[in-house]
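> sequence unknown, structure follows:
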Ligand code: PGA
């Protein structure tokens, strides 16, 4: 398994804390059937369901047509960490990816970039591809600090052993997540160019209110290697429209 940049766009669905077993199964089955029905497609799809669903969904028929990821992992391999999940546990369930440093983790769980880096090392040690999220807040952008904030987050979150085969970066401006506001084409172009200068050949995803109606434009922007989709990944038709815009 490799995240090496290719012509295929990487389309990642982050279900966040949504869905019980029946919803997750129905959504996966519908997606898998729709993918099977297509003769060829130009995307790699990764689904990141709540941890409670991963084991069941990865063993559904056809589930190998998509790849699977966790939404977070602990930095340690095992131990007395009540409620946490290790990278090896995700890998054991069939995951190949894990999202790390999502702004909801950085904000709600006070995760620093140093913590994200430790988690990324753990992900790599377990053979997972780390999707490391970065992005500025509204106040930081207004203050003209967006590039500096993202540079700092990249430098402190990406571990030394990161390569295009084990690490993907996701640029997610905090003010665009779940708000319906998408960064402008120019903002995305400029920030992705900035990030490219920092991360070399790592794939760079855009995330923040990606939907069927804006996916094609976002995905054709230089240095956008895919998208990280929250809300719209819960709707099969919408998510497929995004994926097939690739
Ligand atoms: P959104 O979330 O697509 O609902 O804005 C994106 C994300 O948080 O990854």
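Nice, thanks for sending it over. Because the structure is a prediction, the values reported are computed rather than measured.
> contacting residues around whichever residue of the chain sits closest to the ligand?
Nearest residue of the chain to the ligand: residue 230, at 2.3 Å (CB to the nearest ligand atom). C-beta: built from backbone N, CA, C; applies to glycine. By CB atoms under 8 Å, 6 or more residues apart in numbering, residue 230 lies in contact with 14, 16, 177-178, 207.
> could I get the full set of helices for the chain?
Taking DSSP state H as the test, the helices found in the chain are 21-37, 51-58, 87-93, 103-108, 113-125, 138-142, 146-157, 185-199, 212-219, 236-244.
> got these as a markdown table, with distance to the ligand columns?
A markdown table is the format used below for the helices of the chain (distance: least, CB to the nearest ligand atom, whole Å):
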| stretch | distance to the ligand |
| --- | --- |
| helix 21-37 | 15 |
| helix 51-58 | 16 |
| helix 87-93 | 17 |
| helix 103-108 | 7 |
| helix 113-125 | 15 |
| helix 138-142 | 14 |
| helix 146-157 | 15 |
| helix 185-199 | 14 |
| helix 212-219 | 11 |
| helix 236-244 | 10 |
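> mind putting those helices into JSON lines with distance to residue 68 and mean pLDDT?
Putting those into JSON lines (distance: least, CB to CB, whole Å; pLDDT from 0 to 100) gives the following:
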{"stretch": "helix 21-37", "distance to residue 68": "10", "mean pLDDT": "94"}
{"stretch": "helix 51-58", "distance to residue 68": "5", "mean pLDDT": "97"}
{"stretch": "helix 87-93", "distance to residue 68": "7", "mean pLDDT": "98"}
{"stretch": "helix 103-108", "distance to residue 68": "19", "mean pLDDT": "97"}
{"stretch": "helix 113-125", "distance to residue 68": "14", "mean pLDDT": "98"}
{"stretch": "helix 138-142", "distance to residue 68": "32", "mean pLDDT": "94"}
{"stretch": "helix 146-157", "distance to residue 68": "22", "mean pLDDT": "98"}
{"stretch": "helix 185-199", "distance to residue 68": "24", "mean pLDDT": "97"}
{"stretch": "helix 212-219", "distance to residue 68": "21", "mean pLDDT": "96"}
{"stretch": "helix 236-244", "distance to residue 68": "15", "mean pLDDT": "95"}
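> out of these, flag the one nearest residue 171.
Closest approach to residue 171 among those (CB to CB): helix 185-199, 5.7 Å.
> returning to that earlier point: any chance of the helices of the chain in CSV, with mean neighbour count too?
Conversion of those to CSV gives the following (neighbours: other CB atoms under 10 Å):
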stretch, mean neighbour count
helix 21-37, 16
helix 51-58, 18
helix 87-93, 20
helix 103-108, 17
helix 113-125, 21
helix 138-142, 15
helix 146-157, 18
helix 185-199, 17
helix 212-219, 18
helix 236-244, 20
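> of the ones you listed, which approaches residue 75 most closely?
The nearest among the helices of the chain, by CB to CB, is helix 113-125 at 3.7 Å.
> which helices and strands does that closest one pack with?
helix 87-93, strand 97-100, strand 129-134, helix 146-157 (3 or more CB pairs under 8 Å, 6 or more residues apart in numbering; DSSP states H and E).
> CSV for the helices of the chain, including distance to residue 132?
Putting those into CSV (distance: least, CB to CB, whole Å) gives the following:
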stretch, distance to residue 132
helix 21-37, 25
helix 51-58, 19
helix 87-93, 13
helix 103-108, 11
helix 113-125, 6
helix 138-142, 18
helix 146-157, 5
helix 185-199, 9
helix 212-219, 19
helix 236-244, 21
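> now for residue 233, how many residues are close by?
Neighbours of residue 233 under the rule other CB atoms under 10 Å: 28.
> quick one: pLDDT of the closest residue to it other than its chain neighbours?
The shortest distance from residue 233 to any non-neighbouring residue, by CB to CB, 6 or more residues apart in numbering, is to residue 13 (3.0 Å). Predicted confidence (pLDDT) for residue 13: 98.
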